[in-house]
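Sequence and predicted structure are below.
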Amino acid sequence: MKILVTGANGQLGREMRIVSRDTDHEFVFTDVVEAEGVQTTRLDITDLEAVRRTVREEQIDCIVNCAAYTNVDKAESDEAFCRVLNAEAPRNLAQAIKEVNGLLLHISTDYVFGGDPYNTPCREDQKGTPTGVYGQTKLEGEQYILGMGCKYVILRTAWLYSEFGRNFVKTMLNLTSTKPQLKVVFDQAGTPTYAYDLALAIRTVLADYAACDTTQGYARGGIYHYSNEGVCSWFDFTKAIAAYAGNTTCDIQPCHSDEFPSPVKRPAYSVLDKTKIKETFGLRIPYWVDSLKICMDNLKNM
């Protein structure tokens, strides 16, 4: 099977490069930016004809879409481009892969929820209630994929971090080692997700797809949730990062979200229910603290 990965130089894309080494599939890693030390095929997924041409010429069987506009605050003032990348580009991918009867595996977000006061983990069939442009455009991207009628798997994830790029873990490692005091919000609950673990889950889905007779469709296609196990606030997450790093001199204090003015209201509770993906694909999902320690050990050795 030949698999095209978009956003291959982002956090998840870099982890996809790693997990791809242990498969028999052929991968084409694409992005609009170069990254040192890795081979990248340039592909602008906002250009439908470019996507269609690449899919045909490379004889692609599956697309894994790791590309997205993820700056939640900036999205409020950059709505047009955010919509192009998060909604219209997935539609392009869906159209191109439908024409060759392939599979689109698309990464979405917990930010499709948040408008209603949840206190139980969000299920896949729950109505999307995004609170900002980022979540709204990601929900629109999902809807475009469903409307296209291609074979698809949509994986919603949350609080992604890795050894690569800029993310919360790396930011807090720096701040807790350099600041005498830090305030972090405690009234937003979710689950951190190690991008490597998500990449392994994607690899499992791809292996399942490759093993099935999918000429008439993919019976296990649909929307799924994936994050690491457990629940925490951003405050709890920061405390764990600092503790494992040995950053004991920073006084980390909890605070309310309204102490940090933002152009967008973030979900107060966006824990994802992962029952469906575990039962369908037999996944055993790691606890968030265990995965955090693995990532931080890797960062120490980089």
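Ah, there it is.

for the residue nearest to Asn247 when sequence neighbours are not counted, what are its contacts?
Distances taken as CB to CB, 6 or more residues apart in numbering place Thr176 nearest to Asn247, at 4.1 Å, with adjacent residues excluded. The C-beta positions use only the backbone N, C-alpha and C, and glycine is treated the same way. Residues counted as contacts of Thr176 (CB atoms under 8 Å, 6 or more residues apart in numbering) are Leu182, Thr238, Ile241, Ala242, Ala245, Asn247, Cys250, Ile252.

Can you get me a residue count around the fourth one?
Ala242 has 21 neighbours, counted by other CB atoms under 10 Å.

Over to the second one?
For Thr238, the count of nearby residues is 27 (other CB under 10 Å).

Over to the last one?
Summarising burial for Ile252: neighbours were counted as other CB under 10 Å, giving 19.

and if you look at the first one?
The number of residues packed near Leu182 is 18, by other CB under 10 Å.

what helix or strand is it on?
Leu182 belongs to strand 181-185 when elements are defined using DSSP states H and E.

Next: the second one.
Counting by DSSP H and E, the element that carries Thr238 is helix 234-245.

could you give the mean pLDDT of the helix or strand just after that helix?
Beyond helix 234-245 in the direction of the C-terminus, DSSP H and E gives the next helix or strand as strand 251-255. When pLDDT is averaged over strand 251-255, the result is 98.

Which strands and helices lie in contact with the next helix-or-strand element following strand 251-255?
With elements assigned by DSSP H and E, the helix or strand that comes after strand 251-255 is helix 275-281. Contacting helix 275-281 under the criterion 3 or more CB pairs under 8 Å, 6 or more residues apart in numbering; DSSP states H and E are the following elements: helix 195-211, strand 222-225.

Ok, which of the ones you listed comes nearest Cys295?
For those, the distance to Cys295 is smallest for helix 195-211, at 7.3 Å, taking CB to CB.

still on that earlier bit, of the contacts of Thr176, which pair is most distant in space?
Leu182 and Ala245 (13.1 Å).

coming back round to it: could the helices and strands packed on helix 275-281 be laid out in TSV, adding mean pLDDT, mean neighbour count and distance to Gln11?
Formatted as TSV, the entries for those read as follows, by pLDDT from 0 to 100; neighbours: other CB atoms under 10 Å; distance: least, CB to CB, whole Å:
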stretch	mean pLDDT	mean neighbour count	distance to Gln11
helix 195-211	98	21	5
strand 222-225	98	21	18
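
Can you redo those as JSON lines, where the extra columns are distance to Asp24?
Formatted as JSON lines, these follow (distance: least, CB to CB, whole Å):
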{"stretch": "helix 195-211", "distance to Asp24": "9"}
{"stretch": "strand 222-225", "distance to Asp24": "24"}
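
returning to what we had before: chain center to the strand holding Leu182: distance?
For strand 181-185, the distance between its averaged C-alpha position and the chain's averaged C-alpha position is 25 Å (CA atoms, centre = their mean, to the nearest Å).

how distant is the helix or strand following it from the center of its chain?
Reading on from strand 181-185 to the C-terminus, the next helix or strand found by DSSP H and E is strand 189-190. Shown here is strand 189-190, whose average C-alpha point lies 16 Å from the average C-alpha point of the whole chain (CA atoms, centre = their mean).

Which strands or helices does strand 189-190 pack on?
Helices and strands touching strand 189-190, by 3+ CB pairs under 8 Å, 6+ apart, are strand 232-233.

Starting from the strand it packs on, tell me which strands it pairs with and how they run.
Here the strand partners of strand 232-233, with direction, are listed using DSSP bridges: strand 189-190 (antiparallel).
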